[in-house]
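Novice: need a structure here:
(chains A and B)
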Amino acid sequence: MNAQPITEADLQAWVDAALPEARRGEVEGYLAAQPEEAERVRAYLEQKQALKSLFDPVLDEPLPENLSALASPPAAAIERPPKPLLERWSLQRIAAGIVVALVSGLAGWMVHDRYPSAESLARTSPLPRQAAVAHAVFSPDVRRPVEVSAENEDQLVAWLSKRLGTPVRPPKLGALGFELIGGRLLPGNSGPVAQFMYQDATGQRLTLYVSTENANNQDTAFRFAKEGQVNVFYWIDGKFGYALSAGIDKGKLARVATAVYDQIERK
Amino acid sequence: MDSRAILAEIPRLRRYARAMLGDRAAADDLVQDTLERAWARLYQWRAGSDMRAWLFGIMHNLRVDQLRRPRLSTQSIDEDGFDVPTRPTQTDELEVRDIESALNHLPDEQREVLLLVALEEMSYADIAAMLGIPIGTVMSRLSRGRERLRLIMNGEQASARLRVVR
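Specialist: Numbering: from 1, shown residues only, chains lettered A, B, ... in the order given. Modelled structure (predicted):
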């Protein structure tokens, strides 16, 4: 354990004071014996300092009006409406809503009752349950968890895209420690749905369930559901429904779900 | 997401954009686009998560979109950094000594990581998560970027595109 060679990454981390104490000592011992290397990392430290002193003054510049104005929501900005979670609303908007409701003789509340909100639609969505069941059925399968393995990713993508009738592509989750194992086709309510399976170094599995059956066209933000041991994050985007399921804790799954969301929405 | 929290992040977004783009107006335009997109995609924001990382992620994605648009392949010729496309500067023909113009001669991907580390003091893992790349790639971009910057500063022209005007 003591004679780990000093790597380039150690030297960079030394510059950024990101090494554990013991390792820092070892790196410093190495640098003491290697004057050229010491010179090099000293130059990196100076760069860092120089960059800070060059650009830090920007922090104190007065904000142009167009930027400070954007600290509040712009008038016509909110692109899509999957929002009516109360917690997302600012106090002003809630207050304004109450005023409107009072003034119009509680008309606002009647409207609210008559039309189901996106939230209640989502709550009745079968998506998280179906995804959790599919996860529970296939993820423990040791010998054949997927129909087409990630080794043939191109074929997998082509096949699932063809069967679903729309391009689908598994997101890359390597940065979060999950590698694609493969995927399979499953029956949905009225047609095929896709399931992609991932696994981390400890064997923990995670599945992404992609359905194209959402007909009511109600987008939603992230939602969380728990089915037995399986945690599920899901969201609906146009005709697509996505659900990410795993037996890992909610916070960790949320990070993966965010990465999946970003990759899919960026496409 | 409340206004004060956003307001507090704007100076950092400006600093990073200025360092990335060099040009003040272009940098502020990027910050403006970032904030507009953030508001438009508010539903992606999860209360209690790191707003700074979220905003920087949006800014990164916007830049990737912008870079992709005009050219066909701007991706990942960076990693070896010989005659890579860098953003245009007026000082291309001059000997580069100061750190600001030296910075301009780094490939985008290296400059990005280097600045997130130097200015934002983000951890390697956070940068990897934000950019959606493995941590090893973060480290190699950082290491190459720093070394390249050092060589340029030392007047050992690392880039074939640099020439000394006589």
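Novice: so what's residue A:248 scoring on pLDDT?
Specialist: At residue A:248, the model reports a pLDDT of 91.
Novice: Wasn't it part of a strand?
Specialist: No. Under DSSP: H, G, I helix; E, B strand; the rest coil, residue A:248 falls outside any strand and is assigned coil.
Novice: In three-state terms, label residue A:245 for me.
Specialist: Applying three-state DSSP: residue A:245 is strand.
Novice: how's chain B carved up into domains?
Specialist: B:1-75, B:90-166 (automatic domain parsing).
Novice: mind giving me JSON lines with the ones you listed and columns for distance to chain A, mean neighbour count and mean pLDDT?
Specialist: Placement of C-beta: from N, CA and C, glycine included. Below are those laid out as JSON lines (distance: least, C-beta to the nearest C-beta, whole Å; neighbours: other C-beta atoms under 10 Å in any protein chain shown; pLDDT from 0 to 100):
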{"stretch": "domain B:1-75", "distance to chain A": "4", "mean neighbour count": "17", "mean pLDDT": "84"}
{"stretch": "domain B:90-166", "distance to chain A": "4", "mean neighbour count": "19", "mean pLDDT": "81"}
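Novice: Can you check which of those domains gets nearest to residue A:41?
Specialist: domain B:90-166 (9.0 Å; C-beta to C-beta).
Novice: From the chain's centroid, how far away is the closest one?
Specialist: Distance, stretch centre to chain centre, for domain B:90-166: 9 Å (C-alpha atoms, centre = their mean, to the nearest Å).
Novice: Let me know the secondary structure of the residue nearest the centre of chain B.
Specialist: In chain B, the residue lying closest to the centroid (C-alpha atoms, centre = their mean) is residue B:112, at 2.9 Å. Here residue B:112 is recorded as helix under three-state DSSP.
Novice: hmm, back to that, tabulate the domains of chain B (CSV), appending distance to residue A:35.
Specialist: Below are those laid out as CSV (distance: least, C-beta to C-beta, whole Å):
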stretch, distance to residue A:35
domain B:1-75, 31
domain B:90-166, 16
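Novice: How many neighbouring residues does the nearest residue to residue A:127 once chain neighbours are set aside have?
Specialist: Closest residue to residue A:127 apart from its sequence neighbours, by C-beta to C-beta, 6 or more residues apart in numbering or on different chains: residue A:241 at 4.5 Å. Look at residue A:241: counted by other C-beta atoms under 10 Å in any protein chain shown, it has 25 neighbours.
Novice: Ok, the one 5 residues further on next?
Specialist: By other C-beta under 10 Å, 25 other residues sit near residue A:246.
Novice: Any idea what it is bridged to?
Specialist: residue A:206, residue A:231 (DSSP bridges).
Novice: so it touches residue A:203, yeah?
Specialist: No. Under the criterion of C-beta atoms under 8 Å, residue A:246 is not in contact with residue A:203, lying 12.0 Å apart.
Novice: thinking again about what came up before, can I take it that the residue nearest to residue A:127 is in a helix?
Specialist: No. Per three-state DSSP, residue A:241 lies outside any helix segment and is strand.
Novice: list the contacts for it?
Specialist: A:125, A:127, A:209, A:210, A:211, A:212, A:213, A:214, A:234, A:235 (C-beta atoms under 8 Å, 6 or more residues apart in numbering or on different chains).
Novice: picking that back up, element containing the closest residue to the residue nearest to the centre of chain B other than its chain neighbours?
Specialist: In this structure, residue B:112 finds its nearest non-sequential neighbour in residue B:20, 6.7 Å apart by C-beta to C-beta, 6+ apart. Assigned by DSSP states H and E, residue B:20 belongs to helix B:3-21.
Novice: Can you work out which other helices and strands pack against that helix?
Specialist: Judged by 3 or more C-beta pairs under 8 Å, 6 or more residues apart in numbering or on different chains; DSSP states H and E, helix B:3-21 is in contact with helix A:35-55, helix A:65-69, helix B:24-40, helix B:51-68, helix B:108-118.
Novice: Buried residues of the shortest one, list them for me.
Specialist: Of all the residues in helix A:65-69, those buried under the rule 16 or more other C-beta atoms under 10 Å in any protein chain shown are residue A:67.
Novice: can that helix be found next to chain B?
Specialist: Yes. Residues of helix A:65-69 contacting chain B under C-beta under 8 Å from any C-beta of the partner chain: A:66, A:67, A:68.
Novice: Likewise for stretch A:258-267?
Specialist: Yes. Against chain B, stretch A:258-267 shows contacts by C-beta under 8 Å from any C-beta at A:258, A:259, A:261, A:262, A:263, A:265, A:266.
Novice: Would you mind listing where the stretch 101-250 of chain A has pLDDT under the threshold?
Specialist: For the stretch 101-250 of chain A, applying pLDDT under 70 flags the ranges A:101-124, A:215-217.
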